[in-house]
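1. Got a predicted model here, sequence first, then my questions.
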Amino acid sequence: MRIDIMTLFPEFVDTVLSESIIGRARKSGALDVRTYNIRDYSEDKNRRVDDTPYGGGKGMLMAAPPIWNCYSAIVEDPSSLPREKIRTIYMSPRGKTLTQGIARSLSEYGQLIILCGHYEGVDQRVIDEIIDEEISIGDFVLTGGEIPACILADCVGRLCPGVLSDPECFEVESFSGGLLEFPQYTRPPEFHGMKVPEVLISGHHKNIDDWRRQKAEELTRMRRPDLLPPEEK
């Protein structure tokens, strides 16, 4: 998969997405992440990308032309995929909340373009022109869209072939089956007087699976009952 990120702070995004699993995937070629400085596409001699909002109000607004120019450069690049295989996302607090289901759906595209907002937001006209979907990472406001963009890239990227060493890593984790993940344990068998549950060292795989399912259901019912179907709440 290819992920293009339009931002005012490409170095920040590159730093975050050059570490750990995503960083290794970029180096191996399993994931292609590219960052673009929106200022480089400004037509203003001072590389200005913002202006005051019409109708008044606090703060500044990101202007449409630099974003449009940046987007055009991406989609018109010969290495980009056909438009129908690209999904363009704006990281916005007014978007729908990111879920594992949304991440899985986005991972089926060949290319994602992510726009990071800043200041008081983005001129609505460029949103209407290029954005397919607005996504939020939660009901709170950050100083910019870079951290949400990194989260989205990480969440989607790890679902792509070749990024994780074993596909089972994301098939049995939290949310993938509609439940929170069950408790897990490793060595030593006893820590501060707390022992690993006997069933996990029994070697009986069906009993282990049943225990894990039961614990996942209990945790979900206690902490996130909204994830359960109505008849199970």
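-> Received it, and whenever you're ready, just let me know what you need.
2. Worst mean pLDDT across the helices and strands of this protein, which element?
-> Least confident helix or strand of the chain, by mean pLDDT, DSSP states H and E, is helix 168-171 with a mean of 60.
3. strand partners of the helix or strand just after that one, parallel vs antiparallel please.
-> The C-terminal neighbour of helix 168-171 among helices and strands, as given by DSSP states H and E, is strand 190-191. Partners of strand 190-191 in the sheet, by DSSP bridges, are strand 194-195 (antiparallel).
4. residues in contact with the residue sitting nearest the centre point of the chain?
-> For the chain, Leu152 is the residue whose C-alpha lies nearest the centre (C-alpha atoms, centre = their mean; 1.1 Å). Contacts for Leu152 (C-beta atoms under 8 Å, 6 or more residues apart in numbering) come out as 89, 91, 98, 103, 106, 112, 114, 135, 137. No exception for glycine: its C-beta is placed from N, CA and C like everyone else's.
5. got a pLDDT number for it?
-> At Leu152, the model reports a pLDDT of 98.
6. if we look at the longest helix seen in the chain, which residues are touching it?
-> Longest helix in the chain by number of residues, with DSSP state H as the criterion: helix 205-223. Residues outside helix 205-223 that contact it (C-beta under 8 Å, 6+ apart) are 177, 179-183, 197, 199-200, 202, 227-228, 232-233.
7. Now tell me which of these the prediction trusts least.
-> By pLDDT, Lys233 ranks lowest within the contacts of helix 205-223, coming in at 64.
8. Tell me where this structure has strands.
-> 2-7, 32-37, 50-51, 61-62, 86-97, 111-116, 133-136, 190-191, 194-195 (DSSP state E).
9. Pipe those strands into TSV and attach mean pLDDT per row.
-> Shown next, in TSV, are the strands of the chain (pLDDT from 0 to 100):
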stretch	mean pLDDT
strand 2-7	98
strand 32-37	98
strand 50-51	96
strand 61-62	96
strand 86-97	97
strand 111-116	98
strand 133-136	98
strand 190-191	96
strand 194-195	96
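10. now these in a markdown table, with mean neighbour count?
-> Compiled in a markdown table, the strands of the chain are given as follows (neighbours: other C-beta atoms under 10 Å):
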| stretch | mean neighbour count |
| --- | --- |
| strand 2-7 | 25 |
| strand 32-37 | 18 |
| strand 50-51 | 16 |
| strand 61-62 | 21 |
| strand 86-97 | 18 |
| strand 111-116 | 25 |
| strand 133-136 | 18 |
| strand 190-191 | 10 |
| strand 194-195 | 10 |
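11. domain assignment for the protein?
-> Domains of the chain are assigned by automatic domain parsing as 2-157, 172-232.
12. Now find how far off-centre the first one is within its chain.
-> Relative to its chain's centre, domain 2-157 lies at 11 Å (C-alpha atoms, centre = their mean, to the nearest Å).
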